[in-house]
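**Q** starting from these lines, generate the structure:
(one chain, ligands or ions: 3)
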Amino acid sequence: MSSFIQLAVNVPSIAGVFDYSIPEHLLGRISPGHFVLAPFGKQTVQGVVLRFIKHPSVTQTREILERIDPDPVLTSSQIALAESLAELSLSPLAAIIGLFLPPGWNQQADTIFDIRDTNLESANIELSSTASRLLKLLQSRGALRGRQIDRHFSKVDWRKTAQGLVRRGTLSSQSVLPPASVRPKYIRTAQLAVAPESAETAMDDLGNTEATRTRRQKALHFLITQPEAINVSWVYAESGCNAADLQELAERELILLRETEIWRDPLTKISDQSMENREFVLTEEQKRAWGQIESGFRQCAEGKPIKSFLLEGVTGSGKTELYLRATQEALRRGRQAIILVPEISLTPQIVRRFLARFPGQVGVLHSKLSEGERYDTWRRARSGALKIIIGPRSALFAPLPNPGLIVADECNDDSYYQSEPPFYNAVSAAQSYARICGCACILGSATPSIVQRYQADVGENLRLELTQRITSEPKTELAKGLDLPPIHIADMREELKSGNRGIFSHELNEALAFTLKRGEQAILFLNRRGTATYVFCRDCGYAAKCPRCDTPLTYHVTAGEQLLCHRCGYQRQMPKRCPECNSGNIRAYGLGSEKVESEVQALFPKARTLRWDWETTRQKDAHEIILGHFAAGRADVLIGTQMLAKGLDLPRVTLVGIVLADVGLFLPDPFAAERVFQLLTQVAGRAGRSSLGGGVVLQTFVPEHYVIQAASQHNVKGFYQHELDQRKRLGYPPFTQLVRLEYRHPDPVKAEEEARKLAAKLQSQMEAENRKLLPMIGPVPCFFSKLGDDYRWQIILRGSDPATFLRGRLPDHWRVEVDPVSLL
Ligand code: ADP
Ligand code: ZN
Ligand code: ZN
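**A** Ligands and ions are numbered 1, 2, ... in the order given. All right, here's what the predicted structure looks like:
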């Protein structure tokens, strides 16, 4: 075995890998995936062993220092996935590996600064204001770590100053690696080590004082009654003895003291009696799909590569049942399964079904778990104790020894994309991981994304279709044959013309009245994304667009009322009159859910309303509480935003009102149309989920828009075709790849300068190398041009492979996103 290894060091800004040697005391104890400590520059850092190497790339290798955990933290398949993700996403490998590390383990080296020369005045040096602030801080607080100091110096580069002070001898600095913040949880147990009779004979001689003897006797008596090892805290409670007493009894070999590792199991809190656990005879459609999936498993077993399955079926068509079967098949073959869902708290049904079907074998990863709970789930997955991991996108990185199935339910959901560095898309990562593991991958959705559909059309994925709902309840005459609720378009231009200046059209008003009268429930949906910046004419529906690139202009109040194109930077004054119909009714749109709620209350004083939006869900468990109230019939009208689109099952809802469908349609983003279409179809699907039937009223100022037309007719194929044509014409995915480069800076001038500089540099490099990329978009301010204190600018590269062009020349301090899901 070679004694050289390649190490990915855990320093986020470091993209490369480094060669090290294994010191004598660790020879034979290191393998790929091990988590180790190693010297790096002047620091000690963590690192993951990637592989053994025969010949190190440097003559003088340094030795690693220590092995942190006896078991590898990454399997070899996970190492392969990490390397491929880093390569494709242009992210530093260390940052990607950080995704795989157990919770609480990822620690970056830090530096402790302290004052060395206490007699500052004697030094007689002139201090900059930063230096004197820093010294004051350290004087009052004592030694501090760099990240603690950061909190006192926003936007000030104090580190340079600190290094200067270290050189002068005023400060000392020392590199440290904080310890991992979670550890396995142990409990101490006690157990009788001898026969009860021997314990009884020992009773008289247990200590020098009466009190001591009594405590120890009580403890021993109690342990005589206990058949098994028991938590020491019970012994303390029962006998009044202390740890020293038990220690003494153990030394006399009367009892055994042990440390037992325990698992913090979040599922012990969920005990649900009503878990359904039936296995069904598959429907004809399910059988067909299952045949394909099953043969996929056989091919995998023979070591043949297979394609991902795109399981396309409306809600209630039996997809989950197929996930359950596939999981069973994976387990039968001695492998494990990863089930990805958009958000656990919104998908309790799927979790319950897995728990019921596979009791004791399921680990649920959940953002609300404590770090300790997540760590334990991680370790149980690694040890093979858990066969199934369910969770959001990060669950993909659970260390299962040999995954045989990866499912991504509602695979079109935006939450599969991590929009903070390291950027990654869990659905495409799932597909890569399945290829690496040689296992089945099922992407399920009622409304797959344009790109996912396209992949199926060109044969990269294998499409499986479930076209019918499996309804157990018989439907009323009205609802028969109407699997999907009818959608009525309310033209808000006409409403205005007829003098209705309210939020609700006559149609929605009447439908609400009717629903409330029958004691049924209604949902009112409000799309909040980009609300206040949508500028349009209320008389003709005209939306202001850029004359150069046809991108919708957005409204900014800074520097007077301005309209701005986020594609080319074009600007104009906010028009006073509509250029199309000359109406003075052109303005920005702004409407919140509070406003909708008060309108409902004004119109229907008896209606009980409930709001479900960002504001009302900040509290822990708010989702469950609000939904619980509504499902239990304690409210008649639920008013909410995006969250309403998720896979809820609310049988008493017979009316869905879409307050303004156009919002979001005119955002300067190539993915805007798709996002709105998805939302509208999903929200509409909330109506008529039961035998009561139901309908949707969709309010709009642009009834003729292709998205509104397609959504109102449930015309998924039509929308898809139109959108594909559009993307092809404009040069967007799936016909090109996009890379977004984003720069953030608190100084707007600096942000713009930096963006222009990089754009010019990239432009000249592309020309010099004769790269065949489409014209870059930008540099322009992002649509959300300010985030916190920072101004944002972006450059978008497009072409068949812009990522390759950027590889090896990534600009420092830029956020680089390959295949972004939004350009806002
Ligand atoms: P989806 O995941 O597409 O929403 P589900 O798998 O949840 O669909 O199925 C919808 C309902 O139909 C569930 O209550 C499920 O238990 C039931 N179901 C699924 N498959 C069958 C079947 N073959 N026979 C009878 N009922 C079924
Ligand atoms: Zn007009
Ligand atoms: Zn433009």
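**Q** in the stretch 401-550 of the chain, which spans are helices?
**A** 426-437, 450-457, 492-497, 506-517 (DSSP state H, counting those that start in this stretch).
**Q** any idea which of the ones you listed gets closest to ligand 1?
**A** Nearest to ligand 1 among those is helix 450-457 (16.3 Å), distances taken as C-beta to the nearest ligand atom. To be clear about C-beta, it is placed using only N, CA and C from the backbone, and glycine gets the same treatment.
**Q** quick one: end-to-end distance for stretch 85-98.
**A** The straight-line separation of the ends of stretch 85-98 (C-alpha to C-alpha, to the nearest Å) is 12 Å.
**Q** now do the SS call for the spatially most distant residue from the centre of the chain.
**A** Centroid-distance maximum for the chain: Asp204 at 62.8 Å, with C-alpha atoms, centre = their mean. Classification of Asp204 by DSSP: H, G, I helix; E, B strand; the rest coil places it in helix.
**Q** show me what contacts it?
**A** Arg213 (C-beta atoms under 8 Å, 6 or more residues apart in numbering).
**Q** from Gln217, how far out is it?
**A** According to C-beta to C-beta, to the nearest Å, Asp204 stands 9 Å off from Gln217.
**Q** can you give me the buried ones in the biggest helix by length in the chain?
**A** Looking across the chain with DSSP state H, the single longest helix is helix 748-768. In terms of neighbour count (16 or more other C-beta atoms under 10 Å), helix 748-768 has its buried residues at Pro748, Ala751, Glu752, Glu754, Ala755, Leu758, Ala759, Leu762, Met766.
**Q** can you check stretch 452-459 too?
**A** Buried residues in stretch 452-459 (16+ other C-beta under 10 Å): Gln452, Arg453, Tyr454, Gln455, Ala456.
**Q** which of the helices or strands spans the residue lying closest to the second one once chain neighbours are set aside?
**A** Same thing as Arg453. In space, and not counting its chain neighbours, Arg453 is closest to Tyr720: 5.7 Å by C-beta to C-beta, 6 or more residues apart in numbering. Using DSSP states H and E, Tyr720 sits in helix 716-730.
**Q** ok, now how distant is the nearest residue to Leu679 once chain neighbours are set aside from ligand 2?
**A** Once flanking residues are discounted, Leu679 sits nearest to Ala645: 5.3 Å by C-beta to C-beta, 6+ apart. Applying C-beta to the ion, to the nearest Å, the value for Ala645 to ligand 2 is 30 Å.
**Q** got the residues of the chain near ligand 3?
**A** Within the chain, the positions adjacent to ligand 3 are Cys546, Arg548, Cys549, Cys565, Arg567, Cys568, Tyr570 by C-beta under 5 Å from the ion.
**Q** could you rerun that using 6 Å?
**A** Residues of the chain lying close to ligand 3 (C-beta under 6 Å from the ion) are Cys546, Arg548, Cys549, Thr551, Cys565, Arg567, Cys568, Tyr570.
**Q** quick one: contacts for Ala440?
**A** Here Ala440 is in contact with Ile293, Gly296, Phe297, Cys300, Ile306, Phe309, Ala326, Ala330, Gly404, Leu405, Ile406, Ala434 (criterion: C-beta under 8 Å, 6+ apart).
**Q** can you redo these as a markdown table with pLDDT, distance to ligand 2 and neighbour count?
**A** Below are those laid out as a markdown table (pLDDT from 0 to 100; distance: C-beta to the ion, whole Å; neighbours: other C-beta atoms under 10 Å):
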| residue | pLDDT | distance to ligand 2 | neighbour count |
| --- | --- | --- | --- |
| Ile293 | 98 | 53 | 21 |
| Gly296 | 97 | 54 | 23 |
| Phe297 | 98 | 58 | 19 |
| Cys300 | 96 | 59 | 21 |
| Ile306 | 96 | 54 | 20 |
| Phe309 | 98 | 48 | 24 |
| Ala326 | 97 | 53 | 25 |
| Ala330 | 97 | 58 | 25 |
| Gly404 | 97 | 59 | 26 |
| Leu405 | 98 | 54 | 28 |
| Ile406 | 98 | 50 | 29 |
| Ala434 | 98 | 51 | 25 |
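**Q** so of those, which ones are in strands?
**A** Cross-referencing these against strands under DSSP state E gives Phe309, Gly404, Leu405, Ile406.
**Q** any idea which helix or strand carries Met776?
**A** Judged by DSSP H and E, Met776 forms part of strand 773-787.
**Q** quick one, that strand and helix 716-730 angle?
**A** 110 degrees (axes from the mean of the first three to the mean of the last three C-alpha atoms, to 10 degrees).
**Q** what pairs with strand 773-787, and is each one parallel or antiparallel?
**A** strand 790-799 (antiparallel) (DSSP bridges).
**Q** tell me which residues of the partner strand come out buried.
**A** Neighbour counts using 16+ other C-beta under 10 Å place Tyr791, Arg792, Trp793, Gln794, Ile795, Ile796, Leu797, Arg798, Gly799 of strand 790-799 among the buried residues.
**Q** what do you get for stretch 728-736?
**A** Tyr732, Pro733, Pro734, Thr736.
**Q** go on, stretch 774-789?
**A** Buried residues in stretch 774-789, counted by 16+ other C-beta under 10 Å: Leu774, Met776, Ile777, Gly778, Pro779, Val780, Pro781, Cys782, Phe783, Ser785.
**Q** isn't the third one right up against Ile795?
**A** Yes. Here Ile777 lies in contact with Ile795, judged by C-beta atoms under 8 Å, at a distance of 7.2 Å.
**Q** close to ligand 2: what parts of the stretch 451-600 of the chain are there?
**A** So the stretch 451-600 of the chain meets ligand 2 at Cys537, Asp539, Cys540, Tyr542, Cys578, Glu580, Cys581, Ser583 (C-beta under 6 Å from the ion).
**Q** any chance you could map the strands in the stretch 201-350 of the chain?
**A** Secondary structure of the stretch 201-350 of the chain (DSSP state E, counting those that start in this stretch): strands located at 230-231, 255-262, 308-313, 336-340.
**Q** average pLDDT across the longest one?
**A** Pointing back at strand 255-262 there. For strand 255-262, mean pLDDT rounds to 73.
**Q** and the helix holding Tyr720, how far out from the chain's middle?
**A** Taking C-alpha atoms, centre = their mean, to the nearest Å, one finds helix 716-730 lying 28 Å from the centre of the chain it belongs to.
**Q** buried set for the next helix-or-strand element following that helix?
**A** As assigned by DSSP H and E, the chain's next helix or strand after helix 716-730 is strand 737-745. Residues Gln737, Leu738, Val739, Arg740, Leu741, Glu742, Tyr743, Arg744, His745 are the ones in strand 737-745 that count as buried (16+ other C-beta under 10 Å).
**Q** about what we covered before: pLDDT value on the residue nearest to Leu679, please?
**A** 70.
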